[in-house]
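# Next one to model:
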Amino acid sequence: MIEPILLTVTPVAAHLVVQALLLVRILLRPHREPASRIAWVVVVFALPLIGIVAYLLLGEVNIGRRRLERLRAVLARLPAVADAPGADAPGLGGGMPGRYAQLFRVGESISGHAPIGGNRASLPADSDAVIAAMVADIDAARDHVHLIFYIWLPDRNGVKVAEALIRAAARGVACRALADDLGARPMIRSGHWRAMRAAGVRLARALPIGNPLLRALRGRIDLRNHRKVVVIDDRITYCGSQNCADPQFLVKARFGPWVDLMIRFEGPVARQNQHLFVGDWMAHVDEDLADLLRRPLPPASPGFAAQVIGTGPTVRYSAMPELFESLIYGARRELVITTPYYVAGESTQAALCAAARRGVATTVVFPARNDSWIVAAASRSYYADLLAAGVQIREYVGGLLHTKSLTLDGEVTLIGSANMDRRSFELNYENNILFYDRDLTAEVRRRQQDYIDRAGLVDPDVVAAWTWRRRLWNNAVAMLGPVL
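Numbers count the residues shown, from 1 in each chain. Model (predicted):
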């Protein structure tokens, strides 16, 4: 009689012990918002077995001990861009108004890169024009071509880039490409990947998954390298939201075309993006590229100040939201933001509301149809408060607006790969460029205006009239934010 009781009690007791240990870990885990702690405690105790498994798989930002140690060792021995010969030349200091210096100091505190002057840039007309410019630059490369892409598809544009790399490698140009093992899987598994490798292109998979079950034991599978970085001959670099694929984005064709913004930069800021690439490459490949960062910078020439900002789960906690919020609070006249994914924390939401309330003309543009139903519902849970504060919300039609951009007072711009959601804030490796230049910001602002002109205005009365079922759904989905 006693034995069956013991057999029943022992699993229950073991389960309670595991729950108690997880509770302590959740409460002691550093860098976690109170809302996230509460959400995970509820999940672990309300869903006894599923909650424990969910926390073990998704509860902590962990890329694995070995990966973390290797990445930190690599970054510790990389020379700083500011130490390169010629970095202290007149004209490379930035030359921006003092009122913006504090915004760039936030960026410098994240990646260690001070704003650097002497840059020029152009804004290609659309995604196909970006690929055409990129291919032309690769075809003109003399020394090296370095690429990082989260998504790289074996479609028309993806193959164009692959073929350009093959041509460059045949000329003796050192070509290196790092593609995320999840996002770029169609290209990695294609014959084009094998053809590039056979032609001498050095290839690597970022954050390889391997066996999913074993990988989950060593760190989270969903921590991804979401960066889009191109560096050519240490003088040309691209930065923006565009992946290496056709705008039709056939893997999710019903949401297409993807509408992106990518800027082509020339100048010393390319060295900062080079630093980002070298760190990622050496964290995955046994090849020391540190000498590339010791090369003299080219002589200073007229141009604007720009700064590369790389964030990720192994960078300072809350780096990306700190940057967004600093820029939002720095606006005095106008603030325009485009982002496909908005699942903000309380502080980011409060910053946007405060901007509108202090008289800043604040506009946010989202896609009308989102490829993620979870994000779409969560985003709309924030609408009522934003509209009440005076934020103008637009929903872009005619494709999925994938551009991640912020313009501030017609003078400062942030562009890159980071969305305004918790995945970009805490889980993904991202890259952005912050720059001060009225002319280039005006170009970006015109592109944003084109989005606005193609977007419907969200009416506060319509949002207020949403049914209780719709509001219940949006708010319930938004509760997943602190958990995921």
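# Flag the shaky bits of the stretch 101-250 of the chain, pLDDT-wise.
213-217 (pLDDT under 70).
# Which parts of it are helices?
For the stretch 101-250 of the chain, the helices defined by DSSP state H, counting those that start in this stretch occupy 101-111, 127-140, 156-170, 185-188, 191-199, 212-218.
# so can I have JSON lines of these showing distance to G398?
For every residue, glycine as well, the C-beta is placed using N, CA and C. Below are these laid out as JSON lines (distance: least, Cβ to Cβ, whole Å):
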{"stretch": "helix 101-111", "distance to G398": "33"}
{"stretch": "helix 127-140", "distance to G398": "14"}
{"stretch": "helix 156-170", "distance to G398": "20"}
{"stretch": "helix 185-188", "distance to G398": "26"}
{"stretch": "helix 191-199", "distance to G398": "30"}
{"stretch": "helix 212-218", "distance to G398": "37"}
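# how about those, which one is nearest D83?
Nearest to D83 among these is helix 101-111; the distance by Cβ to Cβ comes to 14.5 Å.
# elements contacting that closest one?
With contacts defined as 3 or more Cβ pairs under 8 Å, 6 or more residues apart in numbering; DSSP states H and E, helix 101-111 has these neighbours: strand 304-311, helix 319-330, strand 430-436.
# Mind listing what's buried along that helix?
For helix 101-111, the neighbour count (16 or more other Cβ atoms under 10 Å) marks 103-104, 106-108, 110-111 as buried.
# go on, stretch 280-292?
Result for stretch 280-292 [16+ other Cβ under 10 Å]: buried residues 280-284, 289, 292.
# Could you work out the end-to-end span of that stretch for me?
14 Å (Cα to Cα, to the nearest Å).
# what mean pLDDT would you report for that stretch?
Over the span of stretch 280-292, the pLDDT mean works out to 96.
# from the helices and strands packed on helix 101-111, which stretch is densest packed?
For the helices and strands packed on helix 101-111, average neighbour numbers computed from mean count of other Cβ atoms under 10 Å are highest in strand 304-311, which has a mean of 28.
# That one relative to strand 430-436, how many degrees between them?
Relative orientation of strand 304-311 versus strand 430-436 (axes from the mean of the first three to the mean of the last three Cα atoms, to 10 degrees): 160 degrees.
# circling back: closest to R142 out of the buried residues of stretch 280-292?
Among these, and counting by Cβ to Cβ, the member closest to R142 is L292, at 14.2 Å.
# The closest one: what's it in contact with?
Counting by Cβ atoms under 8 Å, 6 or more residues apart in numbering, L292 touches 144, 234, 274, 278.
# Please apply the same query to Y341.
Y341 is in contact with 370, 372, 375, 379, 419-421, 423-424, counting by Cβ under 8 Å, 6+ apart.
# Now, those that are in strands?
Judged by DSSP state E, the contacts of Y341 include 420-421 as members of strands.
# Dump the contacts of Y341 into TSV; add distance to R185 as well.
Shown next, in TSV, are the contacts of Y341 (distance: Cβ to Cβ, whole Å):
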residue	distance to R185
N370	22
S372	18
V375	21
S379	27
N419	21
M420	26
D421	22
R423	18
S424	21
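# Take the contacts of Y341 and lay them out in JSON lines including distance to Q448 and pLDDT.
JSON lines is the format used below for those (distance: Cβ to Cβ, whole Å; pLDDT from 0 to 100):
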{"residue": "N370", "distance to Q448": "19", "pLDDT": "93"}
{"residue": "S372", "distance to Q448": "22", "pLDDT": "88"}
{"residue": "V375", "distance to Q448": "21", "pLDDT": "90"}
{"residue": "S379", "distance to Q448": "18", "pLDDT": "94"}
{"residue": "N419", "distance to Q448": "16", "pLDDT": "96"}
{"residue": "M420", "distance to Q448": "15", "pLDDT": "95"}
{"residue": "D421", "distance to Q448": "19", "pLDDT": "92"}
{"residue": "R423", "distance to Q448": "23", "pLDDT": "87"}
{"residue": "S424", "distance to Q448": "19", "pLDDT": "91"}
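# out of the contacts of Y341, which are buried?
Neighbour-count burial within these applies to 370, 372, 375, 379, 419-421, 423-424; the criterion is 16+ other Cβ under 10 Å.
# What is the nearest of those to A319?
Closest to A319, out of all of these and judged by Cβ to Cβ, is S424, at 10.6 Å.
# From A162, how far out is that closest one?
S424 sits 27 Å away from A162, going by Cβ to Cβ, to the nearest Å.
# likewise E60?
Separation of E60 from A162 (Cβ to Cβ): 36 Å.
# So those two - more neighbours on which side?
A162 (22 against 15; other Cβ atoms under 10 Å).
# Break the protein into its domains for me.
2-58, 65-98+113-309, 319-478 (automatic domain parsing).
# Quick one: closest of the helices and strands packed on helix 101-111 to S36.
helix 319-330 (13.3 Å).
# just checking, what packs against the closest one?
If you count contacts as 3+ Cβ pairs under 8 Å, 6+ apart, helix 319-330 packs onto helix 101-111, strand 304-311, helix 346-357, strand 405-408, strand 412-416, strand 430-436.
# how far away is K228 from E346?
29 Å.
# What residues of stretch 84-93 count as buried?
In stretch 84-93, counting by 16+ other Cβ under 10 Å, buried: 84, 87, 89, 92-93.
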